[in-house]
Each structure stands twice: as structure tokens, then as C-alpha cells.
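Undergrad: Sequence first, predicted model second:
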Amino acid sequence: MIRLLLFSALILFFSCKGNETEKLDDVEIVFYKDGRTSVYIGQDFFENQDANRLNTEGVNLAKEGYFEQAKNKFLDGLEIEPENPCLINNLGNAEHELKNYKSATSTFEKSLTISDSTYLNAGLNLGLLYWKDYEFEKSAKILEYVLSRSTKKYEIAAAHLQLARTYLDLNRCEKAKSQLLKAKARWKGISGFDKRLEKLKNEIENCVQHGV
């Protein structure tokens with residue numbers, strides 16, 4: 001299974017001992033030894049320096065696997081900037097890693113809503129959570145929305161990748177194949193995805209689309 005969790009961070013230069021790290025433009029992708037994949041994203045705006053610092057501290061804790069401590073940092077940041085979609089999104093990621101999936105979903109929905117549906121990182125994470133909850137139609141809808149709005153390479157790449165998985169589970173084989181080809185083109189050069197993409201390719205090749 002391929003899954004991408006999208007954290008937002010201003011500081012990306014952080015050593016992840018024992019894990020494989022690759023970059024796509026200003027995005028850092030960490031492939032953990034336990035099979036998890038997280039994406040750490042730059043260029044988010046904070047009005048308050050303390051909120052910015054707390055977010056960065058939380059992201060760095062998350063990179064090391066200290067998700068409860070990371071969650072507390074994001075909550076502290078939200079005391080300062082309660083409507084910051086980046087902090088809300090990162091809180092959702094911490095809840096996800098802590099397996100609080102219902103809370104994570106509502107938190108991502110809040111991040112998207114509070115940004116007037118412009119904070120697309122939260123949309124990508126929602127696409128993943130809806131898929132994990134077997135809400136495949138909702139997953140496809142939000143991911144297609146991200147693709148219709150985004151101009152960022154990593155957002156487009158991540159949306160194509162998850163859409164391939166989602167359409168496969170919807171038994172829409174041709175759409176799954178199309179999304180996989182687009183995902184492979186976007187993630188070209190990121191070796192950490194090679195085996196994951198090949199596995200998904202084999203699953204899609206075995207897909208038999210029934211009449212709908």
C-alpha cells in the first residue's frame with residue numbers, strides 16, 4: 001500500500017537517521033524503514049514567529065516518530081493562530097499517525113474549510129483518509145478537485161498517485177491505469193517510489209473492469 005502524509009514545514013533541513021530521504025523541488029520525502037512515507041512541505045505563511053517555531057518543532061518531532069509530542073506542539077501553535085490551516089493540517093497528520101482516524105478526518109476537513117478550500121495539502125490528506133475508510137467516491141472527488149486547482153508539482157504528483165489506488169478500488173481500471181502513468185511521470189527520479197509504483201502497476205494490470 002502506498003500512502004502519503006503531507007506535513008507542512010518551513011525548515012526542511014533535518015536529518016532522519018536510518019530513513020531514506022529524497023527531494024522533489026522544495027519538498028522533502030521521507031521513506032521510513034517501517035514502510036511509511038511522509039512528505040514535508042515548505043513555503044507556508046505564519047503571522048506569528050512563535051506559531052511558526054512551534055509548527056517547525058512539531059514537524060521535527062513528527063519526523064522522529066514522536067507524534068504525541070508533535071501533536072502538543074501543533075495545539076500550542078493553534079493557541080496563537082487558531083485559524084492557521086497549516087497548523088490544523090499538521091494536527092490532523094499527528095492524529096492520523098496516532099490512529100485517531102475520525103479526529104484526523106474532521107481536522108483535515110476543518111483545515112480545508114477554514115482556508116475556503118484553498119489549502120490543498122488538507123485535500124490530499126482527506127483523499128487518503130476517505131480511501132482508508134472505504135469512502136472511495138469521496139476520495140476520488142476531493143483528489144480530482146485538488147488536480148483541478150493545484151499548480152504545485154508535489155500536489156499534482158501525490159493526487160495522481162492516490163487516485164490510481166482509489167480508482168483501482170472502485171474497479172475503474174482504465175482510469176486507474178491513466179492515473180498511474182501520470183503518477184509515474186511526476187515521480188520520475190524519486191527512487192523510493194519505484195517498488196511501490198511497480199506493485200501498484202501489477203495490481204492494476206490484473207484489474208478486470210465490470211460493466212457499470
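TA: Yes, it's here. Numbers count the residues shown, from 1 in each chain.
Undergrad: Next secondary structure after the lowest-mean-pLDDT helix or strand in the chain?
TA: Counting by mean pLDDT, DSSP states H and E, the chain has its least confident helix or strand at strand 5-8, which shows a mean of 58. Next helix or strand after strand 5-8 toward the C-terminus (DSSP states H and E): strand 20-24.
Undergrad: neighbouring strands for that next one, and are they parallel or not?
TA: Sheet pairing of strand 20-24 (DSSP bridges) gives strand 27-31 (antiparallel).
Undergrad: Extract the C-alpha trace of the strand it pairs with and format it as CSV.
TA: Only the C-alpha atoms of strand 27-31 are listed here, as CSV (Å, rounded to 0.1, in the frame of the first residue of the first chain):
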residue,chain,number,x,y,z
VAL,A,27,9.5,19.1,-0.9
GLU,A,28,11.3,16.6,1.3
ILE,A,29,10.1,13.0,1.1
VAL,A,30,11.0,10.6,3.9
PHE,A,31,10.7,6.8,3.4
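Undergrad: what element comes up after it heading to the C-terminus?
TA: strand 37-41.
Undergrad: ok now the helix or strand following that next one, how far from the chain's centre?
TA: Sequence order places helix 49-63 as the next helix or strand after strand 37-41, per DSSP H and E. With CA atoms, centre = their mean, to the nearest Å as the basis, helix 49-63 stands 18 Å off its chain's centre.
Undergrad: So what angle separates the directions of helix 49-63 and strand 27-31?
TA: For helix 49-63 against strand 27-31, the angle by axes from the mean of the first three to the mean of the last three CA atoms, to 10 degrees is 30 degrees.
Undergrad: Mind checking the pLDDT average for the next helix or strand along the chain from helix 49-63?
TA: Sequence-wise, the next helix or strand downstream of helix 49-63 (DSSP H and E) is helix 67-80. Helix 67-80 shows a mean pLDDT of 96 in the predicted model.
Undergrad: List of residues touching the very next helix or strand once past helix 67-80?
TA: Later in the chain than helix 67-80, the nearest helix or strand by DSSP H and E is helix 85-97. For helix 85-97, the external contacting residues (CB atoms under 8 Å, 6 or more residues apart in numbering) are 5-8, 38, 44-46, 51, 55, 58-59, 62, 67-68, 70-71, 74-75, 77-78, 81, 101, 103-105, 107-108, 110-112, 114-115, 119, 121-122, 125, 129. Quick note: C-beta positions are derived from backbone N, CA and C, even for glycine.
Undergrad: I'd like to know which elements the next helix or strand after helix 85-97 is packed against.
TA: For helix 85-97, the following helix or strand on the C-terminal side (DSSP H and E) is helix 101-114. Contacts defined by 3 or more CB pairs under 8 Å, 6 or more residues apart in numbering; DSSP states H and E place helix 101-114 against helix 85-97, helix 120-132.
Undergrad: what would those look like in TSV with mean pLDDT, mean neighbour count and distance to T166?
TA: Formatted as TSV, these follow (pLDDT from 0 to 100; neighbours: other CB atoms under 10 Å; distance: least, CB to CB, whole Å):
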stretch	mean pLDDT	mean neighbour count	distance to T166
helix 85-97	92	27	17
helix 120-132	91	26	5
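Undergrad: Mind putting these into a markdown table with distance to K175?
TA: Listed next are these as a markdown table, based on distance: least, CB to CB, whole Å:
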| stretch | distance to K175 |
| --- | --- |
| helix 85-97 | 26 |
| helix 120-132 | 14 |
